[in-house]
Structures are given as C-alpha cells and as structure tokens.
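Participant: predicted model, plus sequence, below.
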Amino acid sequence: MALSSKSAFQRHKHWLQHAKTRSARHKIMKFLREQAALSAADITKEVVNNFIVVNLKICQTVQRVSNLCGRKYL
C-alpha cells in the first residue's frame with residue numbers, strides 16, 4: 001500500500017468512528033474494503049514474485065553446480 005493510500009485508509013478508519021448516518025458508514029466501509037482488497041492483492045503479488053525470483057536463483061545455482069561437476073568428471 002502506498003503512503004498516500006495508507007494515510008487515506010487511516011483517515012477513513014478514523015472518520016468511520018464519527019460517521020452519523022448509515023449511508024456515510026456504508027460508503028466509508030466500502031472504501032475500506034476496497035483498499036484492503038487492493039493491499040492484499042499487492043502483498044500477494046509481491047510474495048509470488050519474490051518466490052519466483054528465489055526459485056530461479058536456486059535453479060540457476062543447481063544448474064551451474066551440475067555443469068561444473070559434469071565438466072570435472074568428463
């Protein structure tokens with residue numbers, strides 16, 4: 001979540017405590033749910049990308065080691 005999104009989320013969370021009408025509470029809750037979903041998607045995307053990068057590095061290392069061992073014994 002970007003800094004501006006995070007501060008907007010915090011502001012809306014604070015406003016929710018002071019909302020007087022059902023409509024206002026509904027709109028604020030809708031915004032908070034949308035922001036939470038976006039944040040979860042960003043976090044999930046980041047975790048998946050990190051997992052892919054780590055596994056690629058491992059595969060490349062294994063391949064280099066097997067190539068070195070193969071050359072050594074040939």
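Facilitator: Good, I have the coordinates. Please read all numbers here as calculations on a predicted model, not as lab measurements. Numbers count the residues shown, from 1 in each chain.

Participant: rest of the way, CA atoms for contacts and neighbours
Facilitator: Fine.

Participant: for the chain, give the helix that spans the most residues.
Facilitator: In the chain, taking DSSP state H as the definition, the longest helix is helix 22-73.

Participant: check the average confidence over that helix, would you?
Facilitator: On average, the pLDDT along helix 22-73 is 81.

Participant: which strands or helices does it pack on?
Facilitator: helix 3-18 (3 or more C-alpha pairs under 8 Å, 6 or more residues apart in numbering; DSSP states H and E).

Participant: and the helix it packs on, what's buried?
Facilitator: Neighbour counts over helix 3-18 (16 or more other C-alpha atoms under 10 Å) mark Phe9, His12, Leu16 as buried.

Participant: so the residue nearest to the spatial centre of the chain versus Arg22, what's the distance?
Facilitator: For the chain, Ile43 is the residue whose C-alpha lies nearest the centre (C-alpha atoms, centre = their mean; 1.0 Å). Here Ile43 is placed at a distance of 31 Å from Arg22 (C-alpha to C-alpha, to the nearest Å).

Participant: on that earlier part again, how far off centre is the longest helix of the chain?
Facilitator: 7 Å (C-alpha atoms, centre = their mean, to the nearest Å).

Participant: what number of residues lie near Ile59?
Facilitator: Quick fix: residue 59 reads Cys, not Ile. Number of residues near Cys59 (other C-alpha atoms under 10 Å) recorded here: 12.

Participant: what about it, distance to Val47?
Facilitator: 18 Å.

Participant: ok, now Cys69?
Facilitator: In terms of C-alpha to C-alpha, Cys69 sits 33 Å off from Val47.

Participant: next: Asn55.
Facilitator: Asn55 is 12 Å from Val47, by C-alpha to C-alpha.
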